[in-house]
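Engineer: sequence-free structure coming up:
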């Protein structure tokens with residue numbers, strides 16, 4: 001029932017009306033071309049109005065039938081369907097990661113390298129602060145000896161950090177690609193098990209399904225390939241930084257630890273904006289993909305009828321909503337990201353001011369403050385890195401719900417399931433006796449209207465009919 005189908009129906013209607021007028025003119029005399037064209041337009045408008053009323057009534061009955069069918073499916077699925085509806089997107093994303101953990105074996109060594117990568121920065125901060133204090137020494141020999149030592153340590157950190165980052169990114173991306181490929185394969189296999197009525201629904205057209213195969217798996221791939229590695233590195237950084245800070249000054253560490261929820265809220269603000277936008281734009285992109293697929297699939301007919309501009313306009317209108325949504329989401333998300341980065345500067349200034357007051361009151365010395373401050377500053381920077389991947393988390397969570405909506409769906413007719421009853425004998429004789437059929441999504445539209453024929457072994461049977469007469473359904 002898309003744009004192409006509406007165009008074809010309009011062409012058929014115009015031809016039918018012209019044929020009717022020609023028959024009337026042959027019986028009652030001829031009319032001018034202008035009068036004939038006016039009669040055609042008047043009859044078409046009347047017929048379209050009647051079809052619109054019929055379509056409205058049919059749509060209402062279809063909605064009722066679809067709601068009943070959905071309720072029946074809910075009862076059939078039982079707790080599994082209820083769990084999907086009641087579960088949050090984040091829970092579904094964690095469930096998907098656990099389900100496909102077998103495809104993420106490359107992430108095991110990647111996790112070890114991510115932990116090393118996260119520990120490098122706090123340790124570097126500790127050595128860097130010691131190097132700065134070494135420059136304030138009075139003895140030049142001590143300065144040279146200590147700076148040479150710290151320079152060599154910096155060189156070691158560069159090799160270790162570079163190797164850890166290289167391995168972390170590479171291994172997690174391999175795990176993500178393996179997982180995305182397995183998800184796409186499982187989704188495609190699941191599509192093959194669905195009954196024909198599922199694909200008859202306009203929401204499950206070719207463009208929408210291919211869009212889901214491409215975008216959902218890719219969004220989940222980014223969660224595994226990028227978000228997982230950065231999250232593990234950040235966790236390692238936080239643990240190492242807090243350990244160093246508490247060793248040298250528990251007051252500085254406690255103050256910094258109390259400020260981190262402010263950064264977490266800023267990242268939650270950004271993620272919330274992209275989360276809602278991802279859910280809204282998902283359906284909009286599926287509609288535009290469906291319009292493009294339908295147009296390209298029937299491009300010969302579109303070119304024959306010279307309706308290219310019409311379908312270009314329709315495709316642009318379908319893309320207008322996601323475009324505006326992305327612009328709004330980008331602006332809103334940029335405010336959240338700016339707030340998160342501003343929180344880093346504010347927290348560093350606050351901790352530095354508090355540290356100076358602690359020194360004035362002789363609660364800590366300068367070296368302890370430097371060690372704790374540098375470690376916590378680098379930890380705060382690592383937490384700020386999570387703000388860059390929060391849109392990936394929200395899109396991956398929304399994609400996980402879409403994936404499980406397909407994977408958890410049960411079909412009454414599974415053609416590739418080997419279980420079930422099998423016949424011991426097969427004669428090769430098929431008989432149809434007054435068969436009537438309609439798809440569940442359109443119960444009022446009869447596809448087969450009492451068809452009867454017999455197919456005998458060793459003979460060919462040809463089904464001939466106009467488009468939409470039920471040849472494929474038979």
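Structural biologist: Thanks, I have it. The structure presented is a predicted model; accordingly, all values stated were derived computationally and were not measured. Residues are numbered from 1 along each chain as shown.
Engineer: right, and residue 180 touches residue 221 too?
Structural biologist: Yes: using CB atoms under 8 Å, residue 180 is in contact with residue 221, at 3.8 Å. Backbone N, C-alpha and C define where each C-beta goes, glycine included.
Engineer: who's in contact with the most centrally placed residue in the chain?
Structural biologist: The chain has residue 399 as the residue nearest its centroid, 3.4 Å off, counting by CA atoms, centre = their mean. Applying CB atoms under 8 Å, 6 or more residues apart in numbering to residue 399 gives the contacts 215-217, 219-220.
Engineer: now with 10 Å?
Structural biologist: 89, 92-93, 96, 183, 212, 215-223, 278, 282 (CB atoms under 10 Å, 6 or more residues apart in numbering).
Engineer: next: residue 374.
Structural biologist: 122, 124-130, 132, 241, 244-245, 248.
Engineer: now list the buried members of those residues.
Structural biologist: The neighbour-count test (16 or more other CB atoms under 10 Å) marks 122, 124-130, 241, 244-245, 248 as buried among the contacts of residue 374.
Engineer: re earlier: now for residue 180 and residue 221: what residues contact both?
Structural biologist: What both residue 180 and residue 221 touch, as defined by CB under 10 Å, 6+ apart, is an empty set.
Engineer: doesn't residue 454 lie inside a strand?
Structural biologist: Yes: counting by DSSP: H, G, I helix; E, B strand; the rest coil, one finds residue 454 located in a strand.
Engineer: where does the stretch 151-300 of the chain have low pLDDT?
Structural biologist: Judged against pLDDT under 70, the low-scoring parts of the stretch 151-300 of the chain cover residues 207, 263, 266-286, 290.
Engineer: residue ranges for the helices of it, please.
Structural biologist: 196-200, 206-222, 228-248, 250-297, 299-304 (DSSP state H, counting those that start in this stretch).
Engineer: so which of the ones you listed gets nearest residue 165?
Structural biologist: helix 228-248 (8.7 Å; CB to CB).
Engineer: can you redo the contacts of residue 374 as a markdown table with distance to residue 232?
Structural biologist: Putting those into a markdown table (distance: CB to CB, whole Å) gives the following:
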| residue | distance to residue 232 |
| --- | --- |
| 122 | 15 |
| 124 | 18 |
| 125 | 19 |
| 126 | 21 |
| 127 | 23 |
| 128 | 23 |
| 129 | 25 |
| 130 | 27 |
| 132 | 30 |
| 241 | 15 |
| 244 | 19 |
| 245 | 20 |
| 248 | 25 |
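Engineer: hang on, the earlier thing: where's the residue nearest to the centre of the chain, which helix or strand?
Structural biologist: helix 366-407 (DSSP states H and E).
Engineer: same check, this time on residue 125
Structural biologist: Taking DSSP H and E as the criterion, residue 125 maps to helix 107-134.
Engineer: same for that helix, what does it pack against?
Structural biologist: helix 140-193, helix 228-248, helix 366-407 (3 or more CB pairs under 10 Å, 6 or more residues apart in numbering; DSSP states H and E).
Engineer: from the chain's centre, how far out does that helix sit?
Structural biologist: The gap between where helix 107-134 is centred and where its chain is centred comes out at 34 Å by CA atoms, centre = their mean, to the nearest Å.
Engineer: equivalent analysis for stretch 366-386, please.
Structural biologist: Centroid displacement of stretch 366-386 relative to its chain, using CA atoms, centre = their mean, is 35 Å.
Engineer: again, but for stretch 356-365
Structural biologist: With CA atoms, centre = their mean, you get 52 Å for stretch 356-365.
Engineer: okay, how far is it across that stretch, tip to tip?
Structural biologist: 9 Å (CA to CA, to the nearest Å).
Engineer: so which bits of it are buried?
Structural biologist: 358, 364.
Engineer: please apply the same query to stretch 308-326.
Structural biologist: Under 16+ other CB under 10 Å, the buried positions of stretch 308-326 are 311, 314-315, 318-319, 321-322, 325.
Engineer: what's the answer for stretch 204-217, then?
Structural biologist: Residues of stretch 204-217 classed as buried by neighbour count (16+ other CB under 10 Å): 204-205, 207-209, 211-213, 215-217.
Engineer: likewise stretch 138-154?
Structural biologist: 146, 150, 153.
Engineer: and which of those residues is nearest to residue 394?
Structural biologist: Using CB to CB, these come closest to residue 394 at residue 153, 39.6 Å.
Engineer: how about that closest one, what does it touch?
Structural biologist: Contacts of residue 153 (CB under 10 Å, 6+ apart): 123-124, 126-128, 130-131.
Engineer: can I get the residues you listed in JSON lines with distance to residue 142 and pLDDT?
Structural biologist: Listed next are the contacts of residue 153 as JSON lines, based on distance: CB to CB, whole Å; pLDDT from 0 to 100:
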{"residue": "123", "distance to residue 142": "22", "pLDDT": "87"}
{"residue": "124", "distance to residue 142": "22", "pLDDT": "87"}
{"residue": "126", "distance to residue 142": "19", "pLDDT": "85"}
{"residue": "127", "distance to residue 142": "16", "pLDDT": "87"}
{"residue": "128", "distance to residue 142": "18", "pLDDT": "85"}
{"residue": "130", "distance to residue 142": "13", "pLDDT": "84"}
{"residue": "131", "distance to residue 142": "13", "pLDDT": "85"}
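Engineer: residue 85: neighbour count?
Structural biologist: Residue 85 has 10 neighbouring residues, counting by other CB atoms under 10 Å.
Engineer: how about it, secondary structure?
Structural biologist: helix.
Engineer: measure it to residue 131 for me?
Structural biologist: Applying CB to CB, to the nearest Å, the value for residue 85 to residue 131 is 57 Å.
Engineer: what does residue 93 give?
Structural biologist: 42 Å.
Engineer: which of those two has more neighbours?
Structural biologist: More crowded of residue 93 and residue 131, by other CB under 10 Å: residue 93, with 24 against 16.
Engineer: thought that one was touching residue 397?
Structural biologist: Yes: assessed by CB atoms under 10 Å, residue 93 is found in contact with residue 397 at 4.6 Å.
Engineer: hey, what's in contact with both of those two?
Structural biologist: In contact with both residue 93 and residue 397: 219-220, 223, using CB under 10 Å, 6+ apart.
Engineer: and the next helix-or-strand element following the helix holding residue 399, which residues are buried?
Structural biologist: For helix 366-407, the following helix or strand on the C-terminal side (DSSP H and E) is strand 430-437. Within strand 430-437, the residues that count as buried by 16+ other CB under 10 Å are residue 435.
Engineer: list the contacts of residue 95.
Structural biologist: Counting by CB under 10 Å, 6+ apart, residue 95 has contacts 83-84, 87, 400, 404.
Engineer: which pair in those has the greatest spatial separation?
Structural biologist: 83 and 400 (13.6 Å).
Engineer: and those two? Which one has more around it.
Structural biologist: Taking neighbours as other CB under 10 Å, residue 83 and residue 400 compare with residue 400 leading, 25 against 15.
Engineer: was I right to think that one contacts residue 179?
Structural biologist: No: counting by CB under 10 Å, residue 400 does not reach residue 179; the two are 11.8 Å apart.
Engineer: list residues touching both of those two?
Structural biologist: In contact with both residue 400 and residue 179: 96-97, 220, 223, using CB under 10 Å, 6+ apart.
Engineer: top of those residues by neighbour count?
Structural biologist: residue 220 (27 neighbours).
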